[in-house]
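Enquirer: Okay, predicted coordinates and the sequence, questions at the end:
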Amino acid sequence: MRTAYGVETVRAAERELMARLPDGALMQRAAAGLAAACADLLGRVYGSRVVLLTGSGDNGGDALYAGARLARRGAGVTAVLLSPERAHAGGLAALRRAGGRSVGVAGAEELIERADLVVDGIVGIGGKGGLRPEAVPLAEAAERSRAAVVAVDLPSGVDVETGEVRGAALRADLTVTFGTHKPGLLIDPAREYAGVVRLVDIGLAPPADATELEALQHADVARLLPLPSPETDKYRRGVVGIAAGSARYPGAAVLAVAGALRGGAGAVRYVGPAGDAVIARFPETLVSDGGPKKAGRVQAWVVGPGAGDDAATVAEVLAADVPVLLDADGLRLAHADAVRGRTAPTLMTPHAGEAAALLGISREEVEGARLASVRELAGRYAATVLLKGSTTLVAGAGGTGAVRVNPTGTGWLATAGSGDVLSGLAGSLLAAGLPALDAASVAAYLHGLSARFAADGAPVGAHDVAEGIPGAWRDVRG
Ligand SMILES: NC(=O)C1=CN([C@@H]2O[C@H](COP(=O)(O)OP(=O)(O)OC[C@H]3O[C@@H](n4cnc5c(N)ncnc54)[C@H](OP(=O)(O)O)[C@@H]3O)[C@@H](O)[C@H]2O)[C@@H](O)CC1
Ligand SMILES: Nc1ncnc2c1ncn2[C@@H]1O[C@H](COP(=O)(O)OP(=O)(O)O)[C@@H](O)[C@H]1O
C-alpha cells in the first residue's frame, strides 16, 4: 500500500527522528537523494547549467545543499535567492564552498531559460497560499525553458494537504519528495504539476493510524480479489442485481452487466426495460420481468446507469437490506434520507458533475477540491463514495478515515459508458462480499488497468474496457 500523510503528521515524525540524529543529518539525507535524482535526470552533470530557485525555508536549504553536491561534480550552479537575507545560511555557505554562486531575482528569467536543470526550492510543506507575486515570473520562465524542472518535496504553489491549486504554481517534470508521499502529490490538479514523483527514504516512520491517503498496489488488490473455493457454488460466490438501462439507453444496461459478469459474482440478475438487449449480448444473465423485489435473491444491487426517471425502482432497491451501489440517475433519484437510513452499506459513484449537483456547488469546484468533496459527500450521506474523474477517490462511509486514491487511472477511460462498466464491476465485488471501501477501490483499480491494457496507446470504447477486465485480474494475480 502506498500511503500519504498530512503536514502535521510529517512534521511530528520529523521531530521524533531529528531528536535521534546529529544536527542537519536529515537535511543531508534529503539533499543527497535530491542531488542523485537531479544527476540521473541530467545524465551528464559535468558542465551542465543548474539554477536553484531558493526560498527562505528548509525547502530552499535542501536545494542549496543538493546544488553544492552537483557543483562538486562539475555543474555550473546558480542559486536565485527570493529572500536573500533569509536564505538557509548553511546551505548557501556549502554552495559557495563548492564553487556555486548566488544572485537575486533580477535577471533570473534569462538564467532559467538557458539552464539545463531548474530546481524548485521556493517552498515545500511550509508554503502558505499560492506562489507569491515575485515567484510567478520565475515559474513562467521555467515553463518556457527547455530545462528539466525538479521540485523539491512538492511543486511550489500547490496545496500539499488537498491537491488544490489556486493561482500560479511551478510545473515540474520530476518531484523528489522526502520520507513519505503527501496528499497533494497524488490528487489532481496538483498531481499534474508534480510530474513523476520519486520518494527518497530519509527514515521517517509516521504512525499508520494517521494515514490521510492510501493507494492500493497490485499485492493489495491480489489479496482482496474474491476467488472461488473448491466447494463454492454460484450463490456462495454472490449474485448481483442490476437495475439499469431504459428504452432510450439500453446500452447502459448491457455495459453494467458486462462489468458485473467480470467482477467475481456467481450470477448476474437484470431487471429493467433493456432485457432483450442484455440477453442478446450476454445469454448467461438472469433476466426477470418484475421489479427488484420480484427478481429473486441478490447479495448486492446496482441501480441507476441509464435508468431515466424511474424513481420507484431506485426506492425499491434502497429498501433492500443488502449492499446497494447508486450510480448516474440513481444518484439523482435517491432520497437522501432513504440513503442515510440504510443499515446495509451504500456505495455512491458520482462523477464530478453528479457530485456537484448533490453538493449544490459547481463542477469546477468539485474538480478543484476533490478530497474535500468526496469526504463531504461520504459524511452527508453516511455512505461510501467513489468520486470518478482524473483522480478517482474513495471515501469510506462518514468520510473520516483514510481516503483511497486510485493509481491506475488513465485518460483513455474518459469515454461514454465506461462508468457503467465500473458500476457493474463494483456491484459484483460487493455481491462477492467485499466491504464497500474495498469493492470500490478494487473495482477502480481493475477498471483503470483494463483500460490501459485495452487502449495500449490508442482509443477504446467502454465495451473494450469491460472485455479487458479478465486481463487486469490475471495481471494483478501475477
Ligand atoms: N519534513 C521532513 O521530513 C523534512 C523536511 N525537509 C524540507 O523542509 C521543508 C519544510 O521546510 P520549512 O518548514 O522551513 O518550510 P518551507 O516549505 O521551506 O517554507 C517556509 C518558508 O517559506 C516562506 N513562505 C511560506 N509561504 C510562501 C509562499 N507562498 N511563497 C513564498 N514563500 C513562502 C515562509 O516565510 P514567510 O515569508 O512566510 O515568513 C518560510 O520561511 C520540506 O518541504 C522539505 O523540503 C528536509 O530537509 C528534511 C526532511
Ligand atoms: N481524465 C480522466 N482520467 C482518468 N479517468 C477518467 C478521466 N475522465 C473520466 N475518467 C473515468 O472514466 C469513467 C467515466 O465514467 P462516467 O463519467 O460515469 O461516464 P459514463 O456515464 O459515460 O459511463 C470513470 O471511471 C472515470 O473515473
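Expert: Arrived safely, thanks for sending. From a predicted model like this one, the values you see are computed outputs, not experimental measurements. Ligands and ions are numbered 1, 2, ... in the order given.
Enquirer: how much distance is there from the host helix or strand of residue 257 to the middle of the chain?
Expert: In this assignment (DSSP states H and E), residue 257 forms part of helix 250-261. Taking the mean of its C-alpha atoms, helix 250-261 sits 25 Å from the chain's own mean (Cα atoms, centre = their mean, to the nearest Å).
Enquirer: Run the angle between the following helix or strand past it and helix 250-261 for me.
Expert: Later in the chain than helix 250-261, the nearest helix or strand by DSSP H and E is strand 267-271. Angle, strand 267-271 to helix 250-261, by axes from the mean of the first three to the mean of the last three Cα atoms, to 10 degrees: 160 degrees.
Enquirer: Averaged pLDDT, strand 267-271. What do you get?
Expert: The average of the pLDDT scores along strand 267-271 is 98.
Enquirer: That one packs against which elements?
Expert: In terms of contacts (3 or more Cβ pairs under 8 Å, 6 or more residues apart in numbering; DSSP states H and E), strand 267-271 is packed against helix 234-237, strand 239-243, helix 250-261, strand 286-288. (Each C-beta comes from the backbone N, C-alpha and C, glycine too.)
Enquirer: So in that sheet, which strands flank that strand, and in what orientation?
Expert: strand 239-243 (parallel), strand 286-288 (parallel) (DSSP bridges).
Enquirer: quick one, which of these is nearest to ligand 2?
Expert: strand 239-243 (14.0 Å; Cβ to the nearest ligand atom).
Enquirer: Residues touching the closest one, excluding its own?
Expert: 253, 256-257, 260, 263, 265-272, 291-292, 295-304, 307, 313-314, 317, 424, 427-428, 430-431 (Cβ atoms under 8 Å, 6 or more residues apart in numbering).
Enquirer: and the residues you listed, which are buried?
Expert: 253, 256-257, 260, 263, 265-272, 292, 295, 298-304, 307, 313-314, 317, 424, 427-428, 430-431 (16 or more other Cβ atoms under 10 Å).
Enquirer: ok, which residues in the stretch 251-400 of the chain are in contact with ligand 2?
Expert: Where proximity means Cβ under 6 Å from any ligand atom, the interface of the stretch 251-400 of the chain facing ligand 2 comprises 328, 351, 388-390, 392.
Enquirer: Between which two of these is the distance greatest?
Expert: The span of those, defined through Cβ to Cβ, is set by 328 and 390 at 18.8 Å.
Enquirer: Once you drop chain neighbours, what's closest to the residue in the chain sticking out farthest from the centre?
Expert: Most distant from the centre of the chain: residue 97, at 42.0 Å, with distances by Cα atoms, centre = their mean. In space, and not counting its chain neighbours, residue 97 is closest to residue 68: 7.1 Å by Cβ to Cβ, 6 or more residues apart in numbering.
Enquirer: re the thing from before, between residue 328 and residue 390, point out the one with more neighbours.
Expert: residue 328 (24 against 17; other Cβ atoms under 10 Å).
Enquirer: What does the pLDDT read for the more buried one?
Expert: On the pLDDT scale, residue 328 gets 98.
Enquirer: List the residues that contact the closest residue to ligand 2 within the chain.
Expert: Nearest residue of the chain to ligand 2, counting by Cβ to the nearest ligand atom: residue 419, 2.1 Å away. Residue 419 makes contacts with 305, 327-328, 349, 351, 388, as judged by Cβ under 8 Å, 6+ apart.
Enquirer: one step back: looking at the strands paired with strand 267-271, which is buried most?
Expert: strand 239-243 (a mean of 31; mean count of other Cβ atoms under 10 Å).
Enquirer: Please see if that strand touches ligand 2.
Expert: No - Strand 239-243 is not in contact with ligand 2 by Cβ under 6 Å from any ligand atom; minimum separation 14.0 Å.
Enquirer: Off-centre distance for that strand?
Expert: The answer for strand 239-243 is 28 Å, by Cα atoms, centre = their mean.
Enquirer: just stretch 246-264 next, same as before
Expert: 26 Å.
Enquirer: Please spell out which residues along that stretch are buried.
Expert: 246, 249-264.
Enquirer: Check stretch 10-30 too.
Expert: Buried-residue list, stretch 10-30, by 16+ other Cβ under 10 Å: 10, 13-14, 17, 26-30.
Enquirer: Name the nearest of those residues relative to residue 89.
Expert: residue 27 (12.4 Å).
Enquirer: per-residue confidence for that closest one?
Expert: Reported pLDDT for residue 27: 97.
Enquirer: got it, and residue 6?
Expert: 97.
Enquirer: Leaving out sequence neighbours, find the closest residue to it.
Expert: residue 212 (4.8 Å).
Enquirer: What parts of this structure come near ligand 1?
Expert: Going by Cβ under 6 Å from any ligand atom, the residues of the chain near ligand 1 are 10-11, 14, 26-27, 30, 55-60, 62, 122-129, 131-132, 152-153, 178-179, 202, 204.
Enquirer: what about the strands in the stretch 101-250 of the chain?
Expert: Applying DSSP state E, counting those that start in this stretch to the stretch 101-250 of the chain gives strands spanning 101-103, 117-121, 148-152, 174-178, 196-200, 213-215, 239-243.
Enquirer: Okay, and the beta partners of residue 151?
Expert: residue 120, residue 175.
Enquirer: Wait, residue 75 touches residue 43, no?
Expert: No - using Cβ atoms under 8 Å, residue 75 makes no contact with residue 43, being 11.8 Å away.
Enquirer: These two - which one has more neighbours?
Expert: For residue 75 versus residue 43, neighbours defined as other Cβ under 10 Å are more numerous around residue 75 (26 against 8).
Enquirer: Contact partners for that one?
Expert: Taking Cβ under 8 Å, 6+ apart, one finds 42, 45-50 in contact with residue 75.
Enquirer: and if you look at residue 208?
Expert: residue 3.
Enquirer: ok, now how distant is it from residue 217?
Expert: 16 Å (Cβ to Cβ, to the nearest Å).
Enquirer: Same check on residue 234?
Expert: In terms of Cβ to Cβ, residue 234 sits 31 Å off from residue 217.
Enquirer: Same question for residue 189.
Expert: Where residue 217 is concerned, residue 189 sits at a distance of 24 Å (Cβ to Cβ).
Enquirer: With neighbour numbers in mind, choose between these two.
Expert: Neighbours were counted for residue 189 and for residue 217 using other Cβ under 10 Å; residue 189 has more, 20 against 14.
Enquirer: So what sits opposite the closest residue to that one other than its chain neighbours in the bridge?
Expert: The spatially closest residue to residue 189, leaving aside those adjacent along the chain, is residue 165, at 4.8 Å (Cβ to Cβ, 6+ apart). Beta bridges link residue 165 to residue 158, judged by DSSP bridges.
Enquirer: ok, now which ones touch residue 165?
Expert: 130, 157-159, 189-190, 193, 368.
Enquirer: Let me see the ranges of the strands in the stretch 351-478 of the chain.
Expert: Under DSSP E, counting those that start in this stretch, the stretch 351-478 of the chain gives strands at 384-387, 393-395, 403-405.
Enquirer: Could you say which of those is packed most deeply?
Expert: Per stretch, and counting mean count of other Cβ under 10 Å, the top mean among those goes to strand 384-387, which has a mean of 30.
Enquirer: now that strand: mean pLDDT?
Expert: Mean predicted lDDT for strand 384-387 stands at 98.
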